[in-house]
Structures are given as structure tokens and as C-alpha cells.
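[1] curious how this folds, go ahead:
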Amino acid sequence: MPTPTPPPPPPRHDFPAFPFPPYQIQSDFMSFLYDALSSGPGALALLESPTGTGKTLSIICSALQWLLDHRDAAAAAASRGRPGPDAGAGEDDEPDWMRDFTPLSVRPEKEGRKKKPPAARKPVPRKSDGSGEEGGDEEFLLEEYESDGEDGARSGAGKRAHCGSSSSSEDEEDADEEDEEEVTPKVYFTSRTHSQLSQFVGELKRTEFAGRLRTVCLGSRKNLCINKDVLKLRSANRINERCLELQKNKKSSKIKVEGDKRKVHQTKTTCGCPMLRNRSLQKEFKSEVSNQGALDIEDLAHIGRKIGTCPYYGARDMVRSADLVVLPYQSLLLKSARESLGLNLKNSIVIIDEAHNLADSLTSMYNSKITSSQLKAVLSHLEAYLNRFHNVLGAGNRRYIQTLTVLTRSFLRVLTNNQDGACTMTSMTINQFLFSLDIDNINIVKLCQYVKESNIIHKVSGYTNKSNSNEDGLNQLDLQQQHDEGSSIACFQALADFLRSLLNCNDDGRIIIAKQKFSGQPDEAHLKFVMLCAEKIFSEVTCDAHAVILAGGTLQPIEEIRLRLYPSLSPSHIKFFTCNHIVPPESILPISVTCGPSGMPFDFSYSSRSSPRMIEELGRFLCNIVTIVPEGIVIFFASYEYEKRVYDAWTAAGIISKISKKKHVFREPRISSDVETILNKYRVAIEFCSKNSQDTGINGALLLAVVGGKISEGINFSDGMGRCVVMVGLPYPSPSDVELIETIKHIETISSSFFVGDDKASGNKYDDECELQPGFDILRRCNKGGRDYYENLCMKAVNQSIGRAIRHINDYAAMLLVDSRYAHSSSRNFLCPTDKLPQWIKAQLTCAHNYGEVHRRLQQFFKLNKQTC
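    Predicted structure coming up:
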């Protein structure tokens, strides 16, 4: 008789790795997360904890403690002789949660690892085309391709051909890698930016887990590449292209090896990138990283430079043996990236931080766009290549290249066919797009596989670059620069991405056709695929993982998250945790500011915000509050364009000079690489003024920032860096945004389907194929889901921006919401915007009906908190 299945592990309330006595909300957070993980497999949990409450440290101490506890339980079960995961079904009395966490000892793909894709063929004997120039262009000739074995070729997807010093050493390394066990379960932690990942590693170093568990941090090539020639390209896309190109450009040389009684000639193959030629250095890199414990991206790059080997691929090779993998969104959530990195989510824990806009982040990763100029370039390159090599290409290559040419012409035709010269944008489903171009009979699945397997992108681009250099008389340096820019490769990659988009299900996205303009406007004609269905993308993650945890400072309303990511799951099946802030109520001062010093109502709606009188009134308001707010003020505008308009108007009116008498003024730069420099200057100015304000009369600094910019997310303005945060207006996204309107229509459709029970309840409002209607018309026709989504986009941006202040229990800050709409419903159809503020802010929010009230409250607030500090 089988042994009864033991109950899941008991709840845990003590977390010894936490580096100091936790606050109650931190203890509750860790216990809730631990229980959620214990309820797996298939557990889904949302944990909301305001920024500055120790959320990251709580996640680390709870999730990693759970990982160790369950490994201990699995080891104890094994020592008692319980049946393993390979035991017969009838004798299996081991609980699922324990069996799933037994370390894997056999790699299922081991036997097939060395197999080469069938598509990679030896070149067939080449017929002379009579031109007499074949020898010089031979390197660009495609190897013969047959599509019969595509299924076999596809089975090898995701396996990276790592460069090495020679073919024999590569084989030895592959054997070593095969013998390395996959550590399961493991924890995957992902966040939006590299700076957020570095903060996570910094918190991890404060705990004992940094030394007990093997941690690897994955980053982009741009952040980890140490090849100076590649880094000069600056652009992330160009760096990626050049890195892959260098690996394909292996150099071969014959070497003589003397055996016992004979001499043997072997071919030595070296990688084009010098940082990957010596595999022994990669071993040294992995050894040093393992010995040093938890390291962030900057640490890995430093070790790579010191040893002289690539930290990007060195870190990738450590994923299998890692207990904790820290990586950016793109690497985990994009299927092609998971395959390339060899990530195995089976039975593992996936923790997604900053998940407030997760659905939109998911869909944007699968968008694709190609412009008319890119299509023209691809068509020109394909025709030139086919003309040059037509007589020596195999039948398979000729057929596929001709098919690519036909498709490219069709795409161009639909963009340039605009007889009336009007600016028209059309939205249609995938099937409608294919039928309208009469290309529905082309097998795009096989075509995409051909592009992936045949290396046509690099062959055609290489031939194009060489031909252009010969025609233009460029020297080798110019050729290298042209090649590095990767313009030809970028055009082909845009086409490949768009073709892959056409493989999605018909209702998963929409094709946007922006036709050629003749009015002299700068926007270029383009085709764009807009992914709408986040649910299917996310299900690829959730179906394998033991548990998926979404964490963030502001996740509400969770109904939107459920609707877009788990629509088939009832709300009762999603575990949700939320808490208040750790700071006392008297440490925050949120105020809705309805009017300025002269009594003029603040209205920063799109139609009114550019009024000179409105901008001047805002300037007067700021001139007054800089005199009473100490240290740093951060003011957020809806866009870079509006910030520039306001700054220019204030400069012309002398307002900036008035503000400068009390605060140094800084502006958020558009270029992200310059943000850190500005922030450092802002910080230094505040620190200097705090010590010398009596001498200079200047009491701090003012930073003009932009909602949705680099500063509004992921940057901490603790203490004096953010004593006051000013939000100017309600940053609603523009209703003229094509992608936004398509997303709103999609959400309205699925919300009506689930709430009303009619799959076509909302779909009848919109034509499947139509010239895009004005966004406000679409919004007016929405019942609930689409309108709520539009409102949520605005308030999530507000919450993220004002949440930059208040980072610890002793911090304090004022939050000024400057717009009369914060005091009442913005329209007949919308709720009051402040209803969607975080509870810890909403509970303290007051509305000031005149400027004197604002001035008085600010004076009292800062006087009180200055005394208590």
C-alpha cells in the first residue's frame, strides 16, 4: 500500500538571513512569499510593497531560504530511500513538490548535442559563370540548402557554437560542459534595467546567501563586451551584430603536429574575436567568478578585462551550475533569448520585479517594424546578389532568394501605393494583410527557417559591402567602418523580424500600414506588427516554472494584470499581498494643487498646457515654493517636448534666473548615458548648499525631469535628493498613438468577453480592417476595459514618478500634484485620478483650493520634520 502523500512544508516566520530585525510588514512579506512558493507547482503570486520598504531584501531572504529548505528536504528524503523521480507511477509515494526538486543527473540533449543542423551542407561543385571573377567573391557564396530536414535543424535551435582556440579544444570543452550538471531548482530574478539588477546584487551581498549560493548575473553585450574595437560602435544593435559577425569570421590555418612516427597536418580554427580565442582563460574566468561570490555586471566586466577574456559568454556558460540567475527582462521573457542562453525554467522559481507594466513590456518585445528605405535596400541587395551568383547557386537557395525578393516587392508596393497623397494609416489582421498582398500561398514558416539556418543575411550583406567599396573606391578603413555600422545587416534583420511576426496567430496582433507621404512630413512609410496578446507570451514562462512571482511598488489594479496575463484564471486563484509604507503618516505631505499664486486654476490638459499664461503661472508657483522647500526638488513634465517649451518660456521671462537665486537648476538629458553625470552634479550641488546655504543664499537644487524617462523609474531620490516631488498635470498618453489605440481596442474586446460572456461583445465596435479613427472616438466607445487601461497608464506613470522619494523609515518628502483635475473627476466618464494613487499616499492626500493653503502646509511640514531629524 503506497505511503500517504505528506503535507506541504509548514509556513515559516523566521528568516535568519535578514541582516537586521525586520519590520512587521517585511516579516509579513517574507512569510507570504514563502507560503506562495510552497503552494506550487503552478503557483502565481503578486506582491506589492511600496518603494523604500525593503522589498528587494525581503524577496532575497524569503525565496532563497525556501530554495535551501526544499533542497534539504529533497536530500533528507533521498537518504531515507524514498523512490526518485524515475520510479514507476504505481510505486511513487513521493510528493510532487519534493520529486520536482531532485537535481537532474542526465542532460536530455546530450546525445544530440554534437549533431550539426542538416541545413548546413558542404558546398556543391560550382560551375563557372564565365565572369572570371568568381575567386574574389567565393567567400560570399551560400552553401547548398535543402529544406527537407528543417524539423531536425530546428531541434538544434538555441545551442551556441562557442568560439575556441582550435577544433580539438572545442571538443574537449564541449565534453566538459556536457558533464556539468544542471542545478535544479534555481531562482531566476529579472528586472527592467541593469541598474536595478546591480541594486539587487548589492542587497544580496548583505546576506549570507552571497557566499552560500552560486550566483550569475547576465547582461547585454553592450554592458559586458570588453573588445575596444566593438565598443566603439556605441549602439547596442551594432555591437550585437559585430559580435556575431566576429564569431562567424573564424580564421583557419594549417599546423604540423608530430606524432610517434608520423607527421600530421591539422587545421586550427581561431575565433575572429580575440577575447574568445583562448578557452583556458574562460575556465579561469568562471573559476574566479565562482570564488568571489555574488557579482554584478560591472564586477564581471572588470574580471573579464583583468583576465583578457569575454565576460558576456563567460557568464552565459555559468548558468547551468548557478543557483540564482539575475538577468534583464529581455533575456528571460523573450523566447528566442531563452533558447539562445539555454535557460531551463522547468521547476524553477521566476521572480519578476518592477512588474507594474509587465504586459506592455512583453508585447513590445515582440513588435517589429520595417521602413520603406530598409525594404528598398534589401531589395537592391538581393537583386545584386542573385544577379552575381545566379549561375552557381543551388536550386534551393535560388528559390528562397527569389521568394524573399517577391515578398519585399509586395511590401514596398503596399507602402508606395498612395494615389491621393494623403497620410493614411491602416490597421488589419495578419491574414487580411497576407490576402491583400496576394502572398498567402507562400510558406513563411520555411522561409523564416531558411533565413535562420542559411546565413543569407551575412553573406548578402558582406557581398554588398564589398561591392560598394569597389565602386566607391573606399579604402580598407572606410570599408571596416561601413561594415561596423551594420546598415545592411540591420535592414535584413528588420525584414527577418517582420517575417517572423507573420507566424503569429491571426488575432494575436495587428499589422499597421503607414503609407508613403507626399506632403513633406518627416515620418517615413513603414510596416509594423503590433503584438497585442500578452497572455500567450507569458504562458510560455508560467507553464514550466514551479512558481511565478510578480513584485512591484505599485501593482494595483490587479484586475488589469489578471485580465492581460491570466484571463482564464479566476481572481481567487491569484495570491495577492499588499502593505502600507514603513514611514509614519506625518513624514509625507501629498497635496492636490488646484491653482497658482494669482488664483488662476491649473489646467495642464493637452489643449491648455501650452498657454503662455499657464506656463507663467506655473513658474510663479515654483518661484514661491523654492524659497520654503529645503534641499532638492524634482519636477516631472509629461514629455521632453513640453519640458523644453516650459524651460524656454521661463528662460525668456526671467523665471529661471529667479529660481537660480534659491536653487541650482538641472535638466534631465535625452541621452541616457548622460543621466548619471547630471544626477551626480545635482547631488553635489545639494550637499554643498546644505553646508554653505548661509553664505550663498542658495538652499539646494531643482531637477526638471520627464515622466517615462530614465529618472522617473529606477532612480532613488532619498533624503535631500527629493524633499519635494512636483507632478505637473496628468500624463495621459497621446490618443493619436496607433499602437496605444490598437491595444485599447484589444483590451476592450477581451474585457467584454470575460465580463459579459460574449466573445464579440466589443469586437463589433471596430472594423477588422479600417483607416485608424481618432483616438478620442475610440475611447468614447469603450465601456470599461479599454478606458480603465488608458486611465491606468496615466496613474501608473504618476505613481512611479512620485514614488522616487521616501526611501527609508526616517525619510520625509512633500508630493505636489499640480492640476485642478486631481481634485475631481477628469470627465463625465472617468473616475477621480487620485482614486488610483497608492493607499499610503491617498490616505494622507489633501486638496488645497488656494495657493496660501499650499504655502502654509509646506512651511509647517518642513519645520516639523526638521525638528524631529
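
[2] what stretches of the stretch 1-150 of the chain score poorly on pLDDT?
    1-10, 81-136, 147-150 (pLDDT under 70).

[3] redo that, cut-off 90
    Along the stretch 1-150 of the chain, segments meeting pLDDT under 90 span 1-13, 39-43, 50-53, 70-150.

[4] how about the helices in it?
    All helices of the stretch 1-150 of the chain, identified by DSSP state H, counting those that start in this stretch, fall at 24-38, 55-79, 96-99, 134-137, 150-154.

[5] which stretch among the ones you listed comes nearest S340?
    S340 lies closest to helix 150-154 among these, at 14.0 Å (C-beta to C-beta). Any C-beta I mention is one placed from the backbone N, CA and C, and that applies to glycine too.

[6] which parts of stretch 711-726 are buried?
    Within stretch 711-726, the residues scored as buried using 16 or more other C-beta atoms under 10 Å are 711-717, 719-726.

[7] out of the residues you listed, who's nearest G272?
    G714 (35.5 Å).

[8] rewinding a little: so for S290, which of the helices of the stretch 1-150 of the chain sits nearest?
    helix 55-79 (17.3 Å).

[9] gap between that closest one and the chain center?
    Relative to its parent chain, helix 55-79 has a centroid offset of 28 Å by C-alpha atoms, centre = their mean, to the nearest Å.

[10] who are the packing partners of that helix?
    Counting contacts by 3 or more C-beta pairs under 8 Å, 6 or more residues apart in numbering; DSSP states H and E, helix 55-79 is packed against helix 24-38, helix 96-99, strand 187-191, helix 194-204, helix 209-212, strand 349-352, strand 547-552.

[11] distance to L434 and mean neighbour count added to these, as CSV?
    Listed next are the helices and strands packed on helix 55-79 as CSV, based on distance: least, C-beta to C-beta, whole Å; neighbours: other C-beta atoms under 10 Å:
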stretch, distance to L434, mean neighbour count
helix 24-38, 44, 21
helix 96-99, 44, 18
strand 187-191, 35, 26
helix 194-204, 39, 20
helix 209-212, 51, 17
strand 349-352, 34, 24
strand 547-552, 34, 25
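
[12] compare these and give me the one nearest T363.
    Of these, nearest to T363 by C-beta to C-beta is strand 349-352, at 14.9 Å.

[13] pull out the buried positions in the helix or strand just after that closest one.
    Using DSSP states H and E, the helix or strand that follows strand 349-352 in sequence is helix 358-365. Residues of helix 358-365 classed as buried by neighbour count (16+ other C-beta under 10 Å): L358, A359, D360, S361, L362, T363, M365.

[14] same check, this time on stretch 532-546
    L532, C533, A534, E535, I537, F538, V541, T542, D544, A545, H546.

[15] do stretch 405-425 as well
    Buried, per 16+ other C-beta under 10 Å, within stretch 405-425: T405, L407, T408, S410, F411, L412, V414, L415.

[16] again with stretch 324-343
    324-329, 331-334, 337-338, 341-343.

[17] filter those residues down to just the ones in helices.
    Y329, S331, L332, L333, A337, R338, L341 (DSSP state H).

[18] tell me the pLDDT of the second one.
    Note for S331: predicted pLDDT of 94.

[19] tell me the mean pLDDT over whichever strand or helix holds S467?
    Applying DSSP H and E as the criterion places S467 in helix 456-472. For helix 456-472, mean pLDDT is 80.

[20] with stretch 861-869 instead?
    82.

[21] same deal with stretch 796-814?
    On average, stretch 796-814 scores 90.

[22] how long is it end to end?
    Start-to-end span of stretch 796-814 (C-alpha to C-alpha, to the nearest Å) is 19 Å.

[23] picking that back up, let me have the helices of the stretch 1-150 of the chain in CSV, extended by distance to T743.
    Formatted as CSV, the helices of the stretch 1-150 of the chain follow (distance: least, C-beta to C-beta, whole Å):
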stretch, distance to T743
helix 24-38, 29
helix 55-79, 28
helix 96-99, 38
helix 134-137, 47
helix 150-154, 31
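
[24] V216: which of those is closest?
    Per C-beta to C-beta, nearest to V216 of those: helix 55-79, 14.3 Å.

[25] re the thing from before, closest one of the buried residues of stretch 324-343 to G596?
    Nearest to G596 among the buried residues of stretch 324-343 is Y329, at 40.5 Å by C-beta to C-beta.
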